[in-house]
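Peer 1: Please find the sequence and the predicted model below.
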Amino acid sequence: MRELLLLRHAKSSWDDPSLADVERPLAPRGRRAAPRMGRELARRGWLPDQVLVSPARRAQQTWRLVAAEIGRMELAPGSGGLYMAAPEQLLAALQEIPEKAARVLLVGHNPGMEEFASRLAGDGSEEDALERMREKFPTAAVARFAFDGRWDALSFGQARLLDFLKPRDFG
């Protein structure tokens with residue numbers, strides 16, 4: 001069985017309107033939420049074998065803060081296409097994951113992340129988690145999926161949503 005963790009980047013700052021969207025950093029709230037989620041991933045033992053991160057500054061900062069809590073820093077190559085990616089692009093990126101990876105973490109953006117997660121969830125998904133995820137996929141939230149099969153065969157509707165965690169769930 002394989003696992004996929006979808007992490008929406010933590011809350012970003014809009015303080016400097018002169019910055020390009022891709023350059024926006026984390027807001028103070030995001031700098032607090034990302035380590036909190038990293039600690040929760042570590043506590044639950046949800047440690048990724050491979051990590052894909054959007055090249056956007058806020059996504060990279062989110063990953064560094066999470067990685068500091070879980071003790072992982074290796075990134076999979078080829079994450080450049082994840083910036084504001086559509087669901088089909090996210091799926092294509094995951095289909096390139098080496099088969100040796102049992103658990104993958106993808107750090108990305110809405111609206112693509114939320115739509116991707118909803119389309120990925122299939123039969124056997126945990127109903128409460130699915131309802132919470134479809135209601136809102138806030139910044140720094142994590143959706144945990146499981147599926148049988150190979151990464152290159154992953155398709156929409158094939159995975160089971162097991163958990164959906166928000167930063168406010170942990171204080």
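Peer 2: Right, received. Where do you want to start?
Peer 1: Quick one: list the elements packing against the lengthiest helix in the chain.
Peer 2: The longest helix of the chain (DSSP state H) is helix 28-44. Identification of packing neighbours for helix 28-44 by 3 or more C-beta pairs under 8 Å, 6 or more residues apart in numbering; DSSP states H and E yields helix 57-70, strand 142-147. In this view, the C-beta of every residue, glycine as well, is placed from N, C-alpha and C.
Peer 1: Ok, which of the ones you listed comes nearest residue 163?
Peer 2: strand 142-147 (4.2 Å; C-beta to C-beta).
Peer 1: Give me the distance from the closest one to the chain's centre.
Peer 2: The chain centre lies 9 Å from the centre of strand 142-147; the measure is C-alpha atoms, centre = their mean, to the nearest Å.
Peer 1: And the average pLDDT for it is what?
Peer 2: For strand 142-147, mean pLDDT rounds to 98.
Peer 1: right, and the helix or strand after that strand?
Peer 2: Where DSSP states H and E defines the elements, the next helix or strand beyond strand 142-147 is strand 160-165.
Peer 1: re earlier: just the mean pLDDT for the longest helix of the chain, thanks.
Peer 2: Mean pLDDT, computed over helix 28-44, is 97.
Peer 1: Find the nearest non-adjacent residue to residue 113, please.
Peer 2: residue 8 (5.1 Å; C-beta to C-beta, 6 or more residues apart in numbering).
Peer 1: To what extent is the one you found buried, counted in neighbours?
Peer 2: Applying other C-beta atoms under 10 Å, we find 25 residues neighbouring residue 8.
Peer 1: thought it was touching residue 109?
Peer 2: Yes - under the criterion of C-beta atoms under 8 Å, residue 8 makes contact with residue 109 at 7.0 Å.
Peer 1: picking that back up, if we look at the longest helix of the chain, which residues are touching it?
Peer 2: 5, 7, 9-13, 26, 47, 58, 61-62, 65-71, 139-140, 142, 165, 167, 170-171 (C-beta atoms under 8 Å, 6 or more residues apart in numbering).
Peer 1: just the buried members of those?
Peer 2: 5, 7, 9-13, 26, 58, 61-62, 65-67, 69-70, 139-140, 142, 165, 167 (16 or more other C-beta atoms under 10 Å).
Peer 1: Mutual contacts of residue 8 and residue 109, please.
Peer 2: Contacts common to residue 8 and residue 109, judged by C-beta under 8 Å, 6+ apart, are absent.
Peer 1: pLDDT weak spots in the protein?
Peer 2: Applying pLDDT under 70 to the chain picks out residues 72-80, 171.
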